[in-house]
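Colleague: Got a sequence here, can you build the structure:
(2 chains)
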Amino acid sequence: MKISKAGLSGLFRFSFMLCLFVSLLPFSFLTACSRNSAGIIVAGSTSVQPFAEVLAEEYMILHPGVTIDVQGGGSAAGIMATKSGTTNIGMSSRKLAGDELSLWSVEIARDGLAVVVNPKNPINTLTLEQVRDIYSGNITDWSVLDGNKAKIHLVTREDGSGTRSSFESLVMGKTPITAKAMVQDSNGAVRQLVADDSSAIGFISLGLVDKTVKAIDLNGVVPSREHVIDGTYNLSRPFLFLSLAEPAGLAKDFIDFTLSLKGQQILNAQGLVTTGGTP
Amino acid sequence: MKKFGERIPQSIFFIIALSALSALALITVFIFIEGVPLIAKVGFFNFIFGMKWAPSLGQYGIFPMIVGTVLVTLGAIILGVPVALCCSIFLAEFAPRKLSNLVRPAIQLLAGIPSVVYGFWGLIFIVPAIRNYLGGPGLSILAGSIILAIMILPTVISISEVSILALPPLLKEGAFALGATHWQTIRSVLLPAAKSGILASIILGIGRAVGETMAVIMVLGNAVALPNSILDPARTLTTNIGIEMGYASGEHQQALFATGIVLLVIIMILNSVAQYAIRRK
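Modeller: Take a look at the predicted model:
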């Protein structure tokens, strides 16, 4: 098996190109333009996206021939797209602020944030201040909090995620999350990591808490739907649908469906906290 | 008439070849257009040597990620290259034909495993092993290096093997004629003669390691802080783009493109060094 020098350098040119293409491929997705289809586009928060997809699916079954195109992009992108009119309905997983308040918005459900640790961790309750001290890097060992003698392994979400920005505004205030925290790019990945590591701590959507992790009581309040609804558990965030102006036509019909008993039941079944099926 | 018939396929092939090149040009130009304004705004020095990465606060410093990339790659080279070199020498010089015909395709198969599978495997086996036996969170530079060491094996093995096999048989025959043993011949004649090809294979391995994203995202922990030990989590340049592109918009997105520029430049340098090493002989 002999290969000439020319063949070899050809191989390098080829692998060079391959390297480039593979490492740059993701960019093409970033620039993918929004499509124009018969129907409406719902775009924004990736936290709301999976729920909106279920709603859209159900709506399209009830109304054959209508297309509802649900896209991600993040809360910030959703708000921007709503402002610029490139999407019919925007999705946001945080409260609107400043000049964003000029947009029309409706809360379709609430999502609780749960601070989770490994089930083997003896700690059951923390105060908001303790959680903040853990995430700012002031408390680095579980023994300080009467837990086992073990370093705390912090898990957070990536910059830009709605879950992270909710956690920052609800828990951290102006204190930044320490750079030493491990970063995972989805609720599921955070939950998996906390489930595997006995000294890890993370935060995920309340609806996604399962037996593999333990949700911490905050200031003595058990994180539950009931406590999110009655307001005693304060780590919760609104899921909003946005529109440039008072919605009309298909957009209005889809939002009405979301707020109807059926729509709210769907959201409830998916793990969100709804106010009981009435708008 | 014959000339005309020759010219048509020639130009068709030329145009198709150009389209491959133009894809490269398009992508490069696009990345630079998106990324350069941010580097200009933040300042080249602040961007490359800045210690803080907090896009939501407008802080864009990628130095911890450059360090992360260098450390993870270095670890992969330290773990992977000796194994790969021994393997390529074995395949080129010692292995009986039957055995090498079995091992060679197996190593090529290693190159065909999707990176997400490497990452998943690392997450399920390597990360818990590090957590349980060495301590720390498990997601660490060491875990990333181990995965990358395996991933660069096929590149380094096949190119060094080819460069050893491509040596003129005269070298070996001459050494034998002088009474050198097989091992002496390998050590003092073949390896020095194949040096440039072996070096190139290592550099291409480095390029592979620097560019790998998916597998590394899953096992590295992605923390944006300077690591204190190889058991600490870290973030590389590629994983910075991979993990944050989902939500990035505006300046944040530009900063990710700017990270891409730095990566592109690193890969270009590595590839030119590899080309140079091969030509110099």
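Colleague: OK, contacts around the residue nearest to A:V106 when sequence neighbours are not counted?
Modeller: Here the nearest residue to A:V106 in space, its sequence neighbours aside, is A:F241; by CB to CB, 6 or more residues apart in numbering or on different chains that works out to 5.4 Å. The C-beta positions use only the backbone N, C-alpha and C, and glycine is treated the same way. Residues in contact with A:F241 (CB atoms under 8 Å, 6 or more residues apart in numbering or on different chains) are A:V42, A:I89, A:G90, A:M91, A:S105, A:V106, A:I108, A:I255, A:T258.
Colleague: what's the answer for B:L71, then?
Modeller: Per CB under 8 Å, 6+ apart, neighbours of B:L71: B:I141, B:S145, B:P227, B:I230, B:A234.
Colleague: change it to 6 Å
Modeller: B:L71 sits next to B:I141 when contact means CB atoms under 6 Å, 6 or more residues apart in numbering or on different chains.
Colleague: what secondary structure does it sit in?
Modeller: Counting by DSSP: H, G, I helix; E, B strand; the rest coil, the backbone at B:L71 sits in helix.
Colleague: Can you tell me the element the closest residue to B:N222 other than its chain neighbours falls in?
Modeller: Leaving aside its sequence neighbours, B:N222 sits nearest to A:V183 (CB to CB, 6+ apart; 3.9 Å). Assessed by DSSP states H and E, A:V183 sits inside strand A:182-184.
Colleague: just A:A179 next, same as before
Modeller: Per DSSP H and E, there is no helix or strand for A:A179.
Colleague: Can you get me a residue count around the residue in the stretch 151-281 of chain B that chain A sits nearest to?
Modeller: Distance from chain A to each residue of the stretch 151-281 of chain B (CB to the nearest CB) is smallest for B:Y247, at 3.2 Å. Neighbours of B:Y247 under the rule other CB atoms under 10 Å in any protein chain shown: 26.
Colleague: ok so, going back, in which helix or strand would I find the residue nearest to A:V106?
Modeller: strand A:236-243.
Colleague: gap between that strand and the chain center?
Modeller: Centre-to-centre, strand A:236-243 and its host chain are 12 Å apart (CA atoms, centre = their mean, to the nearest Å).
Colleague: counting contacts, what elements does the longest helix along chain B pack onto?
Modeller: Longest helix in chain B, counting residues (DSSP state H): helix B:2-42. Here helix B:2-42 touches helix B:251-280, going by 3 or more CB pairs under 6 Å, 6 or more residues apart in numbering or on different chains; DSSP states H and E.
Colleague: quick check, the helix it packs on touching chain A?
Modeller: Yes - shown here: helix B:251-280 in contact with chain A (CB under 6 Å from any CB of the partner chain) through B:I267, B:N271, B:I278.
Colleague: What's the first helix or strand after the longest helix of chain B?
Modeller: Following helix B:2-42 in sequence, per DSSP H and E, is helix B:44-49.
Colleague: Give me the helices and strands touching that following helix, please.
Modeller: Against helix B:44-49 (3+ CB pairs under 6 Å, 6+ apart) you get no helix or strand.
Colleague: then that helix to PDB, C-alphas only?
Modeller: In PDB, the C-alpha atoms belonging to helix B:44-49 read as follows (Å, rounded to 0.1, in the frame of the first residue of the first chain):
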ATOM      1  CA  PHE B  44      -8.500  41.800  20.200                       C
ATOM      2  CA  PHE B  45      -6.400  41.600  23.400                       C
ATOM      3  CA  ASN B  46      -9.500  41.600  25.700                       C
ATOM      4  CA  PHE B  47     -11.200  39.000  23.700                       C
ATOM      5  CA  ILE B  48      -8.200  36.600  23.500                       C
ATOM      6  CA  PHE B  49      -6.800  37.200  27.000                       C
END
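Colleague: partner strands of the helix or strand that it is followed by, parallel or antiparallel?
Modeller: For helix B:44-49, the following helix or strand on the C-terminal side (DSSP H and E) is strand B:53-54. Using DSSP bridges, strand B:53-54 pairs in its sheet with strand B:59-60 (antiparallel).
Colleague: Got the phi and psi for the residue of the stretch 151-281 of chain B closest to chain A?
Modeller: phi -110, psi -10 (degrees, to the nearest 10).
Colleague: shouldn't it be in contact with A:S161?
Modeller: Yes - B:Y247 is within contact range of A:S161, at 5.4 Å (criterion: CB atoms under 6 Å).
Colleague: if we can go back for a sec, pLDDT and neighbour count for the residues of helix B:251-280 next to chain A - can I get that in a markdown table?
Modeller: A markdown table is the format used below for the residues of helix B:251-280 next to chain A (pLDDT from 0 to 100; neighbours: other CB atoms under 10 Å in any protein chain shown):
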| residue | pLDDT | neighbour count |
| --- | --- | --- |
| B:I267 | 92 | 19 |
| B:N271 | 88 | 21 |
| B:I278 | 79 | 21 |
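Colleague: need those in JSON lines with distance to A:L170, can you?
Modeller: Formatted as JSON lines, those follow (distance: CB to CB, whole Å):
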{"residue": "B:I267", "distance to A:L170": "41"}
{"residue": "B:N271", "distance to A:L170": "47"}
{"residue": "B:I278", "distance to A:L170": "57"}
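Colleague: Domain boundaries for chain B, per the record?
Modeller: B:2-49, B:64-279 (automatic domain parsing).
Colleague: highest average neighbour count across the ones you listed?
Modeller: When these are scored by mean count of other CB atoms under 10 Å in any protein chain shown, the highest mean neighbour count falls to domain B:64-279 (a mean of 20).
Colleague: Could you tell me how far that one lies from the centre of the chain?
Modeller: 6 Å.
Colleague: I'd guessed A:G72 sits against A:V48; true?
Modeller: No - here A:G72 does not reach A:V48: they are 9.1 Å apart, not a contact under CB under 6 Å.
Colleague: Tell me which of the two has more neighbours.
Modeller: Per other CB under 10 Å, whichever of A:G72 and A:V48 has more neighbours is A:V48, with 29 against 19.
Colleague: Enumerate the residues of the stretch 51-200 of chain A near chain B.
Modeller: A:74, A:76-77, A:153, A:158-161, A:179-183, A:185.
Colleague: any low-confidence regions in the stretch 101-250 of chain B?
Modeller: Of all residues in the stretch 101-250 of chain B, none has pLDDT under 70.
Colleague: what residue lies at the spatial centre of chain A?
Modeller: In chain A, the centroid-proximal residue (CA atoms, centre = their mean) is A:S47; its distance is 3.3 Å.
Colleague: how about it, what does it touch?
Modeller: A:S93, A:G162.
Colleague: and it, which of the three is it?
Modeller: coil.
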